[in-house]
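A.B. asks: dropping the sequence and predicted coords here.
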Number of protein chains: 2
Amino acid sequence: MSDSAVSPPHLEICVVVFTLQESRLKVLLIPSKDPIFADMWMLPAAPVLDCALEKAAARQIEQLTGVGEVYLEQLYTYGDPGRHPTCRLISIVYFALIPADSLLPAAEQKSGSHWFALEELPRLAMDHADILAYALRRLRYKLEYTAVGFELLPEFFTLSELQHTYELILGEKLDKRNFRRRILEAGIIEATPHRRSGEGRPALLYRYRPDAVAEVKARRLFP
Amino acid sequence: MSDSAVSPPHLEICVVVFTLQESRLKVLLIPSKDPIFADMWMLPAAPVLDCALEKAAARQIEQLTGVGEVYLEQLYTYGDPGRHPTCRLISIVYFALIPADSLLPAAEQKSGSHWFALEELPRLAMDHADILAYALRRLRYKLEYTAVGFELLPEFFTLSELQHTYELILGEKLDKRNFRRRILEAGIIEATPHRRSGEGRPALLYRYRPDAVAEVKARRLFP
DNA sequence: CCAAAAGTGTTCTATGTACACCCATGC
DNA sequence: GCATGGGTGTACATAGAACACTTTTGG
């Protein structure tokens, strides 16, 4: 079992995938198969076979959700004796944002994975609760200095939808006028000629400027 | 050689160690032993044997410099086909700050390592120049919202010495009065009753508040 | 015409920036 | 007594926070 320092530790790519459903921030989990963690859930992970780490994370997310292009960023590499009771394990963790409207429901059934709202998490195996907490911290932090919020929305969205996204993730109410001013001054989204009719006055639809994605990537602090 | 996806990739812990010598920010490098990278230098690295990643990085730094307790933080995990021409390699990179006065010169001789000023770097193997550039970016960034500067100084230091440290790392001149106000308001360092006599008026010696180390760790965005 | 959500500027506060002179010591 | 670095406060500019009413549609 854990005959330390004889064979190298196991190495896996682990992903924290967020989406927005029913006005809640949700994370993708899979049921644990290991009897040690019976009735617990885990962040999805897969053994590292080659060294294309980001591609491996993307491939894994595609298998689980059916979505190929996602916002993806390396989070941290966790390795510590005692993370896992019986084996030495190193997890390279990525985190990702997916707009709910691009998810394939079939993929979820097939993989046995499930989306959990952050307020209704099941028991998580190992240190996965810590990892998730850190991913959320980083997401909140990134939201403040870049405009990744739109990565969780469909291609066209209203400013109110975007603001609600921010409020959900940050866990606080924001001022409408200040929010609009800042987000527009950031120049990452732009108005389209279309409108959406709903209950009240129809809202202008916005989309992120396609060339702004590169800009967001350039602005990020993590390579 | 590179029969991909048959055996798992090689995994190493790599360290970017900064210190301050002769009014210059320096980084610790070792000469490459691999003939592919003849006459190039590298960031120190060692194969991963167990999964105590941070301890492994600390151990490596102690072997190279003789210093046991250092400021240490995980930087990023690099893995990409094409990083190394002949083998698949994943590097978990840490970065560290060491006060120059605690270095053991003997350790440097024994390991063949050498301190290079950032303005006079030799050719670096693989993507190590990128890694180093990112480590510097992160150091500069951290300096702005925490007060890690004192990690490069001896136990007792003057405010001018601390300011010069900041100026060196950030690469710009800072206003003396504003610097002092901010650094003291941050509450991370405290005056001692001692003074240092030098050329002009003797300067008060400061040290960081021992209980502030935990605070700095708590404030950091990376776990 | 009423309910429901969209849209829009200004004032105040706090934070950061620029800036110049006196002080204590060694030689 | 003079050269050298140490030490101190204030005015101004900029960024962020608080705040309330009018507009457009559907029912």
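C.D. replies: Arrived safely. Numbering: from 1, shown residues only, chains lettered A, B, ... in the order given.
A.B. asks: what residues are up against the closest residue in space to A:L170 that isn't next to it in sequence?
C.D. replies: Excluding the flanking residues, the one nearest A:L170 by CB to CB, 6 or more residues apart in numbering or on different chains is A:R140, at 5.8 Å. Where C-beta positions appear, they are placed from N, C-alpha and C, glycine not excepted. The contact partners of A:R140, taken as CB atoms under 8 Å, 6 or more residues apart in numbering or on different chains, are A:169-171.
A.B. asks: can we see that at 10 Å?
C.D. replies: By CB atoms under 10 Å, 6 or more residues apart in numbering or on different chains, the contact set of A:R140 is A:166, A:169-171.
A.B. asks: how many residues are close by the nearest residue to A:H84 once chain neighbours are set aside?
C.D. replies: Nearest-residue entry for A:H84: A:M126, 5.8 Å, with adjacent residues in sequence omitted and distances by CB to CB, 6+ apart. Neighbours of A:M126 under the rule other CB atoms under 10 Å in any protein chain shown: 21.
A.B. asks: where is the longest helix in chain A?
C.D. replies: Identified as the longest helix of chain A according to DSSP state H is helix A:128-145.
A.B. asks: wait, does that one contact DNA strand C?
C.D. replies: No. Using CB under 7 Å from any atom of the strand, we find that helix A:128-145 stays clear of DNA strand C, coming within 14.2 Å at best.
A.B. asks: tilt between the strand ranked longest in chain A and strand B:10-21?
C.D. replies: As assigned by DSSP state E, the longest strand anywhere in chain A is strand A:10-21. Here the directions of strand A:10-21 and strand B:10-21 differ by 80 degrees (axes from the mean of the first three to the mean of the last three CA atoms, to 10 degrees).
A.B. asks: so, in contact with chain B or not, strand A:10-21?
C.D. replies: Yes. Strand A:10-21 comes into contact with chain B (CB under 10 Å from any CB of the partner chain), by way of A:10-11, A:13.
A.B. asks: of those, which is the nearest to DNA strand D?
C.D. replies: When these are compared for distance to DNA strand D (CB to the nearest atom of the strand), A:I13 wins out at 35.7 Å.
A.B. asks: tell me what that closest one is bridged to.
C.D. replies: Applying DSSP bridges to A:I13 gives these bridge partners: A:A46, A:I92.
A.B. asks: for A:Q21, same thing?
C.D. replies: Beta-bridge partners, per DSSP bridges, of A:Q21: A:R24.
A.B. asks: ok, now which ones touch it?
C.D. replies: Neighbouring residues of A:Q21 by CB under 10 Å, 6+ apart: A:100-101, A:103, A:115, A:117, A:152.
A.B. asks: out of those residues, which are close to chain B?
C.D. replies: Of those, not one also sits near chain B (CB under 10 Å from any CB).
A.B. asks: which of those count as buried?
C.D. replies: Neighbour-count burial (16 or more other CB atoms under 10 Å in any protein chain shown) applied to the contacts of A:Q21 gives A:103, A:115, A:152.
A.B. asks: can I get the contacts of A:R140 in a markdown table including neighbour count and secondary structure?
C.D. replies: Putting the contacts of A:R140 into a markdown table (neighbours: other CB atoms under 10 Å in any protein chain shown; DSSP: H, G, I helix; E, B strand; the rest coil) gives the following:
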| residue | neighbour count | secondary structure |
| --- | --- | --- |
| A:Y166 | 20 | helix |
| A:I169 | 21 | helix |
| A:L170 | 14 | helix |
| A:G171 | 10 | coil |
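A.B. asks: could you work out the most separated pair of those?
C.D. replies: Spanning the widest gap among the contacts of A:R140 are A:Y166 and A:G171, at 10.1 Å by CB to CB.
A.B. asks: close enough to count as contact, A:A52 and B:R88?
C.D. replies: Yes. Counting by CB atoms under 10 Å, A:A52 touches B:R88, with 9.1 Å between them.
A.B. asks: neighbour count: those two, which is higher?
C.D. replies: When A:A52 is set against B:R88 and neighbours are counted by other CB under 10 Å, the residue ahead is B:R88, at 26 against 19.
A.B. asks: restrict the helix or strand hosting A:F95 to CA atoms and write it as PDB.
C.D. replies: Assigned by DSSP states H and E, A:F95 belongs to strand A:89-97. Presented in PDB, the C-alpha positions along strand A:89-97 are these (Å, rounded to 0.1, in the frame of the first residue of the first chain):
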ATOM      1  CA  LEU A  89      -1.200  11.300  -4.200                       C
ATOM      2  CA  ILE A  90      -0.400  14.600  -6.000                       C
ATOM      3  CA  SER A  91      -3.300  16.500  -7.600                       C
ATOM      4  CA  ILE A  92      -2.700  19.200 -10.100                       C
ATOM      5  CA  VAL A  93      -6.000  21.200  -9.900                       C
ATOM      6  CA  TYR A  94      -7.600  23.300 -12.600                       C
ATOM      7  CA  PHE A  95     -10.700  25.400 -12.300                       C
ATOM      8  CA  ALA A  96     -13.100  26.100 -15.100                       C
ATOM      9  CA  LEU A  97     -16.200  28.100 -15.800                       C
END
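A.B. asks: other residues contacting the helix or strand just after it?
C.D. replies: Downstream of strand A:89-97, the first helix or strand assigned by DSSP H and E is helix A:105-111. Contacting residues not belonging to helix A:105-111 are listed as A:28, A:30, A:44, A:60-67, A:104, A:113-115 [CB under 10 Å, 6+ apart].
A.B. asks: narrow the residues you listed to those that are buried.
C.D. replies: The buried subset of the contacts of helix A:105-111 - by 16+ other CB under 10 Å - is A:28, A:44, A:60-61, A:64-67, A:113, A:115.
A.B. asks: between which two of those residues is the distance greatest?
C.D. replies: A:Q60 and A:W115 (15.9 Å).
A.B. asks: and stretch A:193-211, how far out from the chain middle?
C.D. replies: Relative to its chain's centre, stretch A:193-211 lies at 25 Å (CA atoms, centre = their mean, to the nearest Å).
A.B. asks: whether that stretch contacts DNA strand D - can you check?
C.D. replies: Yes. Stretch A:193-211 comes into contact with DNA strand D (CB under 7 Å from any atom of the strand), by way of A:197, A:199-202.
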